[in-house]
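> need coordinates for the following:
(2 chains)
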Amino acid sequence: MLPHARALTSITWWWLGLTLAVAVYSPFIAAGAAAPLLTWLTPVLVWLCSTALLWRFGDSTRRLFSLRLYLGLGVAITLIKTLFRVVFYVPGLTSGPSINLPTVTINLGTWHTTLLGSVPWAVVAAAAIDGLRLAAVVMAFGMANTVANPRRLMKYAPAALYEFWLALAIALSLAPQLVEAASSVRRAMALRGEKFGLAALPKLISPVVEIALTSGLNLAASMEVRGLGVANDLRNSRPWRFARSAGTLVGLCFVAGAIFLLLGTSTSLWIPVALAILGSTLLWLAVTFGVAKRRTRYPVEQPKLGDWVVRTACSAMLVWTALGTLGVVS
Amino acid sequence: MIKLVDLRFTHNGQSRAVFEGLNLEYQAGEFALICGATGSGKSTLLMSLVGLAPHTTGGTLAGQIRFGQGELARDYTGLRPADYSSMVGYVNQTPGEAFVAQTVAEELAFGLEQAAVPSAEMLVRVAEVAALLGIEDLLIRDLNTLSGGQKQRVAIAASMAAGQRILLLDEPTSELDFSAAEALLGLLRNLATNHGYTVLLVEHRLELALSLVDSVTVLNGFDGAEKYSANELPVTAFNQPVAAPMVELARKLGWRKVPRSVAAAQTLWRDRASRVRQLELPASSASPVLVLNGVNATVGKEAVLTNLNLTLYPSEIAALIGPNGAGKSTLLNLIWDRHSSECVLVPQHSDSLLMAQTVVQELSNSDERAGVASGTTEKLFAALVPEARTSGHPYDLSAGQRVALALAMQLVRGNSIVLLDEPTRGLDYSAKADLAALLIKLSQSGKSVLVASHDSEFLATCADRVHSLNNGQIGSWKSPTQALGRLGDHTPQLLQVTGAALRLQQLEAAE
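Numbering: from 1, shown residues only, chains lettered A, B, ... in the order given. Predicted coordinates for the structure are as follows:
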């Protein structure tokens, strides 16, 4: 039973997860140049907050497993990011105290490059902060994924987006399955009398992927047998179908592009904003006018006062971050 | 309710059909058992009745499938699985993997949501179907927290919640212990008799189902199928060399019909009583190969094994029995963890041991790992399942053949203690008999075999000693006859009928 998770509806949990993820990149960071402590503090706080929520509200049979998974991912991301920045450091403008590592020069005829060398601490710190931010984002989504099953969100997906959501939900449930499969393969190798080491990794890949894919396919087959989408009374004449698919696809591409530009170091901020608005409008049109009849929902969760409080706070935070990013507030 | 006309299914790239010339009919309210040897196409038949074959498996389905009563009967051939969903519910062996929701109530509602049933009506119908299957108390539970038996009930409820009148179940009891299996089959009987559902049950453990079902359909692969009334099941219906215990008994004593229940068999037995010889057990004189003294183990926070003692001897087959959750797997894993240089373990989901892309590759990898002459594993494997094709992917083998492959790979390493965790899951009677013969051969060659199983019929054919695991402790018995005779309904049927014989060899021919 999940009495705790029911404190909020699953939509609210995902909303909260998204807000926490976005908060890592909030205007605090931009202002952080003046207060370096804040650049460290924000991702760490978000990370701690997500971890605490995961532990407090996660289903007791799954939370330890999830915590390990997302913690491991976060540590790996941070380490790899930092390591790459140090190994492939290109001497540049940053100055200040450095760690002095031996320089490795690779000469391949006309092409040569240097690795390592004298790397300023400031560069290492910036890389670590970058890694920490990503780790915090991973933990925020991991929290939502653990506390509120993504499959439940499918219920709320508009019929026109149903197939898309379905693929996404199966993909999301595949991630923990991959880890589970890996540990079962590892156990099986021990039972077969094999040593488990780095050399065994390539051998692991095929059975792990196989197990995860099989269970994904089983799930899809089971949904289909149970009548998946059988009553989705979509407007099925050819032009409608084309318009709906095209609208959905282009809209999604626009939104994805907007997110990509926002997270990158885009010069202008108005382009992604315009893209996002255009994309959302297209999606809304496709979703609203492409469907004649909607599926029904089993009334499992009703938003309560707590939900509206959390949702309002999250929305405020998101709006403020957006405005801050656009430079309207600082 | 169901009418099949000349149904035939062929896998892609194979000239021989999985089944062919099936002409079968099932009525509303009929509880039908479908059996047949491993690979005779039982699962494929069920999958084709719900559109999964050929939709997800590939291959070609020919012939006709008609569902519905009289005038309303409709041709369902060649539709997609979703199109069957208003008519047919399907439950496979491992419902845990096929759950689509998070809680029981949502799982039951999934089909109703798809069919666009209004929310208010949905609440009523979920409550109704939950009451029908006795799972009202579970509605708010998370699906992950259910026991095996509960999961099966939820899966069945979910498959019929949207008003399906036909239920197809593929070995729903394979992961359940005896009492849970019995309760589940009783429930299916009730659904058919009192609520008019048509239930098609694939199950090769005839001893579990025969007394409850109305009809028995025996699939003979490309020879078509025969359907019999459960009351008039001739012994000759089964052409495999080894069949269910009751069939074997009837063959041995020259009965024409298979007795439907233990009581019926007892009457026949009393009329034509034959003598029972003493069970011959290997004399145990050698010193033990393994002694566990005061072992404790916990799973999570729960103590599973408390102060447990167990002794294993060479040259014997020891059985470990006990209900689901008693700690049988925990004990086997513990033995393997502590004595991994002397033991091999074939785990419950033995498929996890198979990792290569072809069976041939798997066999030669195994030779290499064990450091034995090439071809050794293959010989062992062929002794277990001579008919298996080794050119394909391991997962193209049948469930029984895969267990045999895993066992062969472990045996070839030559360790002196062989641990097996529920090895008969998914095996038909011939494969079980082969497995029993192999275990006996192993024990005669000096190995010590420990089998955890709730298949008492299988244990009756090979166990030399029985340890029963209850409340974290081992109870040991003087003889397997004594131990297995204390299991109530779960007692091997031969022992129930004769009161003394555990194995068929103990019976002297009648007259």
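> looking at the stretch 1-150 of chain A, what residue ends up closest to chain B?
residue A:149 (4.2 Å; CB to the nearest CB). (Glycine included, C-beta is placed from N, CA and C.)
> ok, now which ones touch the nearest residue to that residue once chain neighbours are set aside?
In space, not counting the residues next to it along the chain, residue A:149 is nearest to residue B:102; the distance is 4.2 Å by CB to CB, 6 or more residues apart in numbering or on different chains. Under the criterion of CB atoms under 8 Å, 6 or more residues apart in numbering or on different chains, the contact partners of residue B:102 comprise A:2, A:149, A:151-152, B:142-143.
> the residue of the stretch 1-150 of chain A closest to chain B reaches residue A:14, doesn't it?
No: with contact defined as CB atoms under 8 Å, residue A:149 and residue A:14 do not form a contacting pair (10.4 Å).
> neighbours of the residue of the stretch 1-150 of chain A closest to chain B, how many?
As a burial measure, the neighbour count of residue A:149 was computed by other CB atoms under 10 Å in any protein chain shown and equals 25.
> quick one: contacts of stretch B:59-71?
Contact partners of stretch B:59-71, identified using CB under 8 Å, 6+ apart, comprise B:1-12, B:18, B:22, B:28, B:48-49, B:53-54, B:73-78, B:87-88, B:166.
> at 6 Å what do you get?
Counting by CB atoms under 6 Å, 6 or more residues apart in numbering or on different chains, stretch B:59-71 makes contact with B:2-12, B:48, B:54, B:73-77, B:87, all of which sit outside it.
> repeat that for stretch B:109-119.
The list of residues contacting stretch B:109-119 from outside it, by CB under 6 Å, 6+ apart, reads A:226-228, A:230-231, A:295-296, A:298-299, B:100-101, B:122, B:126, B:161-162.
> can you give me how far it is from the chain middle?
What separates the centre of stretch B:109-119 from the centre of its chain is 33 Å, taken as CA atoms, centre = their mean, to the nearest Å.
> just the buried residues of that stretch, please?
The neighbour-count check on stretch B:109-119 (16 or more other CB atoms under 10 Å in any protein chain shown) flags B:109-117 as buried.
> cool, and stretch B:306-324?
Neighbour-count burial for stretch B:306-324 flags B:308, B:310-322, B:324 (criterion: 16+ other CB under 10 Å).
> endpoints of that stretch, how far apart?
Distance between the two ends of stretch B:306-324: 17 Å, counting by CA to CA, to the nearest Å.
> quick one: that stretch to chain centroid distance?
Mean-position distance between stretch B:306-324 and its chain equals 22 Å (CA atoms, centre = their mean).
> what is the least confident helix or strand in the chain?
As the question left the chain open, I've gone with chain A. Confidence across the helices and strands of chain A bottoms out at helix A:27-31, with a mean of 57, counting by mean pLDDT, DSSP states H and E.
> actually it's chain B I care about, not the one you picked
The helix or strand of chain B with the poorest confidence is helix B:95-98; it has a mean of 76 (mean pLDDT, DSSP H and E).
> who are the packing partners of that one?
Using 3 or more CB pairs under 6 Å, 6 or more residues apart in numbering or on different chains; DSSP states H and E as the contact definition, the elements that helix B:95-98 packs against are helix A:201-225, helix B:148-160.
> pick the most deeply packed of the ones you listed.
Mean neighbour count, computed with mean count of other CB atoms under 10 Å in any protein chain shown, is highest for helix B:148-160 among these, reaching a mean of 24.
> now do that helix, average pLDDT.
Confidence over helix B:148-160 (mean pLDDT, whole number) is 91.
> need the contact list for residue A:296.
Contacts for residue A:296 were tallied using CB under 6 Å, 6+ apart; they are B:113, B:116-119.
> distance between the ends of stretch B:78-93?
Counting by CA to CA, you get 24 Å between the two ends of stretch B:78-93.
> where in the stretch 151-300 of chain A is pLDDT low?
A:154-155, A:157-165, A:173, A:176, A:196, A:229-238, A:263-267, A:290-295 (pLDDT under 70).
> residue of it nearest chain B, please.
Counting by CB to the nearest CB, the stretch 151-300 of chain A gets nearest to chain B through residue A:227 (3.0 Å).
> count the residues that sit near that residue.
Residues near residue A:227, counting by other CB under 10 Å, number 22.
> that one contacts residue B:85, correct?
Yes: counting by CB atoms under 6 Å, a contact exists between residue A:227 and residue B:85, whose distance comes to 3.0 Å.
> quick one, helices of the stretch 51-200 of chain B?
Secondary structure of the stretch 51-200 of chain B, counting by DSSP state H, counting those that start in this stretch: helices at B:52-55, B:81-84, B:95-98, B:104-114, B:119-132, B:148-160, B:178-195.
> does chain A sit close to the second one?
Translated: helix B:81-84. Yes: applying CB under 6 Å from any CB of the partner chain, one finds helix B:81-84 in contact with chain A at B:81-82.
> what does that helix contact?
Residues from elsewhere that reach helix B:81-84, judged by CB under 6 Å, 6+ apart: A:224-225, A:227-228, A:230, B:50-52, B:55.
> can you check the third one too?
Here helix B:95-98 makes contact (CB under 6 Å, 6+ apart) with A:215, A:218, A:222, B:151-152, B:155.
> name the pair among the residues you listed with the greatest separation in space.
Taking every pair in those and measuring CB to CB, the maximum separation is 18.2 Å, between A:215 and B:152.
> strands of the stretch 201-330 of chain A, residue ranges please.
Secondary structure of the stretch 201-330 of chain A (DSSP state E, counting those that start in this stretch): no strands located.
> who in the stretch 201-330 of chain A is up against chain B?
Counting by CB under 6 Å from any CB, the stretch 201-330 of chain A comes close to chain B at A:207, A:215, A:218, A:221-228, A:230-231, A:295-296, A:298-300.
> and the helices in chain A, which stretches?
Using DSSP state H, the helices found in chain A span residues A:10-23, A:27-31, A:36-57, A:63-87, A:121-147, A:150-153, A:162-191, A:201-225, A:238-263, A:270-289, A:305-326.
> among these, which is nearest residue B:247?
helix A:201-225 (33.0 Å).
> contacting residues around residue A:61?
For residue A:61, the residues meeting the contact criterion (CB under 6 Å, 6+ apart) are residue B:144.
> ditto for residue B:39
Residue B:39 makes contacts with residue B:398, as judged by CB under 6 Å, 6+ apart.
> hmm, 10 Å instead?
In this structure, residue B:39 makes contact with B:18, B:219, B:221, B:387-388, B:397-401, B:428, judged by CB atoms under 10 Å, 6 or more residues apart in numbering or on different chains.
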